[in-house]
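Chemist: predicted model and sequence below, questions to follow.
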Amino acid sequence: MPSPNRELLLLLAVVNSRLSGDVSLPVLAAWAHRSRFDLHRRFRRLVGETPKAYTVRVRLARAAAELVSTDRRVSAVALDHGFASPEVFTRTFTRHLGQSPRAYRARGLHVAGRRAAATHASTTAAVAPCISLYHISTTERKAAVPLDISVRDLPTFHALVMRRRVTRDEIATALAECLPTVFGYAQRHGLAIAGPPFARYPEVGMGSLVIEAGVSIAAPPSTAPDDGIEALTITAGRAVVAVHRGPYDNLPATYQQIEKWIREQGLSPAGPPWETYLTDPGERPDPATWETEIVQPLESAPIRRPVAAPTDPGHP
């Protein structure tokens, strides 16, 4: 029988496929075969928003991305994303994003080019529904599976992050708070999102760790971010890369496999590891299909002796 969280993820997948239609609370309750009160309570506990707030936020995020990546009329964008009229769209858009749809489009993204705009639009559409759902527990622990581990040369990338010191049990809560904040900041300021959300672990201790949660962007912002958000640049270099497949609950086993592989290869870690959430729980509700890319930077030259691998960040 599906866990309570997975039941809601199945519902979210339906919602996100019909965001231009009626997804009001009565309709959702009927789909879920629950009372309105019970669904509202469960939904808010998992997602961190009411069903109405969630629907409006996701519709606005997708519409805003379309405004800066296409030349379609504002009225057409509004109707395609489920707003009753262009007037309702304009009022809602202005209230949430601080300027009208036309002004938002006129300002554009902080980098030019169709490729950056297209990547921003596709990433935003995929990430918006589940930005607060990474690292949720599904209570579906399974045996570790063999990993495809490789060493790659990674390019420099830029990001926006929020930094928090947390205990291991607080990682999921920190991500649920930080990622939506960073994502919303990038959208309001027209920063071109270049990839899925990620979490980096610059400091790991026995009792707590430091987590940097955010999204990659196409280029550094022209002004220093505020609201507790920081610009981050991770320089190019060699790294061990592996893709974890399955629930987030099983991530510790994957980290252990990577650490063992690094030791066996005589390689030396250099710098904090990070994990990128390739799969969106709000779009794909089956935890067995979730993919998380784990990256551990390496020193430029291999060291042919056993070395201490990075401490497992201790995922919940």
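Modeler: Structure received. None of the values given here were measured: they were computed from a predicted structure. Numbers count the residues shown, from 1 in each chain.
Chemist: need the helices for this protein, in chain order.
Modeler: 4-16, 25-32, 36-47, 51-67, 74-80, 86-97, 101-107, 114-127, 171-188, 251-265 (DSSP state H).
Chemist: quick one: residues contacting the residue sitting nearest the centre point of the chain.
Modeler: With distances taken as CA atoms, centre = their mean, P197 lies nearest the centre of the chain, 3.3 Å away. With contact set as CB atoms under 8 Å, 6 or more residues apart in numbering, P197 has these partners: 127, 131, 134, 175, 179, 183, 213-215, 276-277. Using the backbone N, CA and C atoms, a C-beta is placed for each residue, glycine as well.
Chemist: ok, 6 Å please
Modeler: Counting by CB atoms under 6 Å, 6 or more residues apart in numbering, P197 makes contact with 179, 215, 277.
Chemist: among those residues, who's most crowded?
Modeler: Most neighbours among those, by other CB atoms under 10 Å: L179, with 26 neighbours.
Chemist: nearest to G108, of the contacts of P197?
Modeler: V215 (18.5 Å; CB to CB).
Chemist: please report how far T233 lies from G195.
Modeler: Per CB to CB, to the nearest Å, T233 is found 14 Å from G195.
Chemist: between the two, which is the more surrounded one?
Modeler: Neighbours were counted for T233 and for G195 using other CB under 10 Å; G195 has more, 17 against 9.
Chemist: residue contacts, the more buried one?
Modeler: S216.
Chemist: would you agree V166 is in contact with L175?
Modeler: No - checked against CB atoms under 6 Å, the pair V166 and L175 is beyond contact range at 9.6 Å.
Chemist: tell me which of the two has more neighbours.
Modeler: Counted by other CB under 10 Å, V166 and L175 do not tie: L175 has more neighbours, with 25 against 15.
Chemist: mind checking pLDDT for the more buried one?
Modeler: Here the pLDDT value assigned to L175 is 95.
Chemist: these two touch, right, it and L133?
Modeler: No - shown here, L175 and L133 do not form a contact pair, counting by CB under 6 Å, at 8.9 Å.
Chemist: how deep is E49 tucked in, by neighbour count?
Modeler: Other residues within reach of E49, judged by other CB under 10 Å, total 16.
Chemist: err, D169, not the other one
Modeler: By the criterion of other CB under 10 Å, D169 has 10 neighbours.
Chemist: so it versus Y255, what's the distance?
Modeler: Taken as CB to CB, the span from D169 to Y255 is 16 Å.
Chemist: who does the longest strand along the chain pair up with?
Modeler: When the chain is parsed with DSSP state E, its longest strand is strand 193-204. When pairing is defined by DSSP bridges, strand 193-204 lines up against strand 209-217 (antiparallel), strand 274-277 (antiparallel).
Chemist: which residues of the stretch 201-316 of the chain score low on pLDDT?
Modeler: 300-316 (pLDDT under 70).
Chemist: where along it do the strands fall?
Modeler: 209-217, 230-234, 237-245, 274-277, 291-297 (DSSP state E, counting those that start in this stretch).
Chemist: neighbours around I136, how many?
Modeler: By other CB under 10 Å, neighbour count at I136 equals 23.
Chemist: what's the pLDDT at the closest residue to it other than its chain neighbours?
Modeler: Leaving aside its sequence neighbours, I136 sits nearest to N5 (CB to CB, 6 or more residues apart in numbering; 5.7 Å). With respect to pLDDT, N5 scores 78.
Chemist: what about N5, neighbour count?
Modeler: 20.
Chemist: check A103 too.
Modeler: Counted by other CB under 10 Å, the residues lying close to A103 total 12.
Chemist: likewise for R107?
Modeler: Counted by other CB under 10 Å, the residues lying close to R107 total 12.
Chemist: which residues are in contact with it?
Modeler: R107 sits next to G190 when contact means CB under 6 Å, 6+ apart.
Chemist: got the angle for the longest strand of the chain vs strand 291-297?
Modeler: Here strand 193-204 points in a direction 60 degrees away from that of strand 291-297 (axes from the mean of the first three to the mean of the last three CA atoms, to 10 degrees).
Chemist: export strand 193-204 to PDB, keeping only CA atoms.
Modeler: Provided in PDB are the C-alpha atoms of strand 193-204 (Å, rounded to 0.1, in the frame of the first residue of the first chain):
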ATOM      1  CA  ILE A 193      18.000  29.200 -14.300                       C
ATOM      2  CA  ALA A 194      20.400  26.700 -15.900                       C
ATOM      3  CA  GLY A 195      19.800  23.400 -14.200                       C
ATOM      4  CA  PRO A 196      18.000  21.500 -11.500                       C
ATOM      5  CA  PRO A 197      18.200  22.300  -7.800                       C
ATOM      6  CA  PHE A 198      21.200  21.000  -5.800                       C
ATOM      7  CA  ALA A 199      22.600  20.800  -2.300                       C
ATOM      8  CA  ARG A 200      26.300  21.200  -1.400                       C
ATOM      9  CA  TYR A 201      28.000  20.200   1.800                       C
ATOM     10  CA  PRO A 202      31.000  22.500   2.600                       C
ATOM     11  CA  GLU A 203      31.300  21.400   6.200                       C
ATOM     12  CA  VAL A 204      30.400  18.100   7.900                       C
END
